[in-house]
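[1] just coords:
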């Protein structure tokens, strides 16, 4: 399949017979690009999150747009074509046809570019494994992994050398997640103008739930007697909410204050006219009484941001919750369960970073262990050091 020059490609939403939102890539004529559609359907069948499907579809839409612009066949796109795609992604669209050497700002971050490269590599792996192409072009991009000062566990039993994509872009080391102080959390809670918003703020702060998990919360997930919140995988719901993955299912202990806040809101909002059992509802407008959606949740935080002057998203509150627990001495294993992380390393990378204040406190507690006994005795007697400087 050779693409016509100048054709454009875009990501389009489709609704499945089960009323789930999924994605396809269409060309300038509105026709579905079959190879990409098959790959995205394969990812969906293997349980990839909807946001992953969207990002991969968007990356492949850009890739096919690039191939079209260069009049390249996707089945024959080798190293030079993939490297050209990286440069194409970096260059702002309006400047792609200007003279070479012009200094411009990079259009996309290296993190985004690496995500798109991962999507393209996965696409070619799928084509090769399903025998749609005879050779795996990813083999041309496999470079040796950077040297390590140690050997991994059972390294001698590894079937092949660990490799990396030679086109992958350098990404700055992940910084500690953005958080706010506990006083600012209380300021945020006080700025809420209705019970729903106060319950939302307290819930996310206390549990560290992700936005999708908050919106997927049902009334039966609130265990009043045990003071617990259950996070359950029900797939994609009518408000497009879903938990990140089945491995994120968990039960979270909460305070009586949070439970009282939720009960006060539910008793007020869930009237006989409400037909959904989602906990959080739209409070105004034509969708009043229906399940709150992502755009509604983020709109609440934008209003709170304007009222308080704080830089806010639901994730800032989630990160604040988990960071406070980490600073309070929670082990990484407990944090992993609380956060709903699939991989232990994710918890370590995000939250196991003691603050400068904590490091200072730890040093003050251990400083005596690092002091020479003779020097300590001399200080106690008020005597200067007797050592002779011969350096």
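    Received, thanks. Because the structure is a prediction, the values reported are computed rather than measured. Numbers count the residues shown, from 1 in each chain.
[2] outside of stretch 118-136, which residues touch it?
    For stretch 118-136, the surrounding residues in contact (C-beta atoms under 8 Å, 6 or more residues apart in numbering) are 35-36, 38-39, 42-43, 55-57, 59-60, 63, 75, 82, 85, 137-138, 141, 165. C-beta here means a position set from N, CA and C on the backbone, and glycine is covered the same way.
[3] average pLDDT for it?
    For stretch 118-136, mean pLDDT rounds to 94.
[4] hang on, residue 65 is in a strand, isn't it?
    No. Counting by DSSP: H, G, I helix; E, B strand; the rest coil, residue 65 is not found in a strand; it is helix.
[5] how near is the nearest residue to it once chain neighbours are set aside to residue 63?
    Nearest non-adjacent residue to residue 65, counting by C-beta to C-beta, 6 or more residues apart in numbering: residue 9, 4.7 Å away. Remark: distance between residue 9 and residue 63 (C-beta to C-beta, to the nearest Å) = 9 Å.
[6] what's the local residue count around the residue nearest to residue 65?
    22 (other C-beta atoms under 10 Å).
[7] where's it relative to residue 24, distance?
    On the measure of C-beta to C-beta, residue 9 and residue 24 end up 11 Å apart.
[8] my read is that the residue nearest to residue 65 contacts residue 30, right?
    No. Counting by C-beta atoms under 8 Å, residue 9 does not reach residue 30; the two are 10.9 Å apart.
[9] quick one, strands of the stretch 1-150 of the chain?
    10-15, 21-26, 142-144 (DSSP state E, counting those that start in this stretch).
[10] just those strands: most buried one?
    Greatest average neighbour count among the strands of the stretch 1-150 of the chain goes to strand 21-26 (a mean of 20), per mean count of other C-beta atoms under 10 Å.
[11] and the angle for that strand with strand 10-15?
    140 degrees (axes from the mean of the first three to the mean of the last three C-alpha atoms, to 10 degrees).
[12] check which helices and strands strand 21-26 sits against.
    In terms of contacts (3 or more C-beta pairs under 8 Å, 6 or more residues apart in numbering; DSSP states H and E), strand 21-26 is packed against strand 10-15, helix 34-45, helix 50-69.
[13] which of the ones you listed sits most buried?
    helix 50-69 (a mean of 21).
[14] show the average pLDDT along that one.
    93.
[15] pLDDT weak spots in the stretch 51-200 of the chain?
    Within the stretch 51-200 of the chain, the stretches with pLDDT under 70 are 93-104, 143-164, 173-175.
[16] hey, where'd the helices end up in it?
    Shown for the stretch 51-200 of the chain, the helices assigned by DSSP state H, counting those that start in this stretch span residues 79-90, 110-129, 182-190, 195-207.
[17] thinking again about what came up before, so which of the helices and strands packed on strand 21-26 gets nearest residue 273?
    In terms of C-beta to C-beta, the element of these nearest to residue 273 is strand 10-15, at 26.7 Å.
[18] report the distance from the closest one to the chain centre.
    22 Å (C-alpha atoms, centre = their mean, to the nearest Å).
[19] and the direction of that strand versus that of helix 50-69, what angle?
    Using the same axes, to 10 degrees: strand 10-15 against helix 50-69 is 140 degrees.
[20] so that it lines up with my notes, have the first residue be 310 from now on.
    OK, 310 is where the count begins now, so the last one is strand 319-324.
[21] outside of strand 319-324 itself, list whatever touches it.
    By C-beta under 8 Å, 6+ apart, strand 319-324 touches 330, 331, 332, 333, 334, 335, 363, 366, 367, 370.
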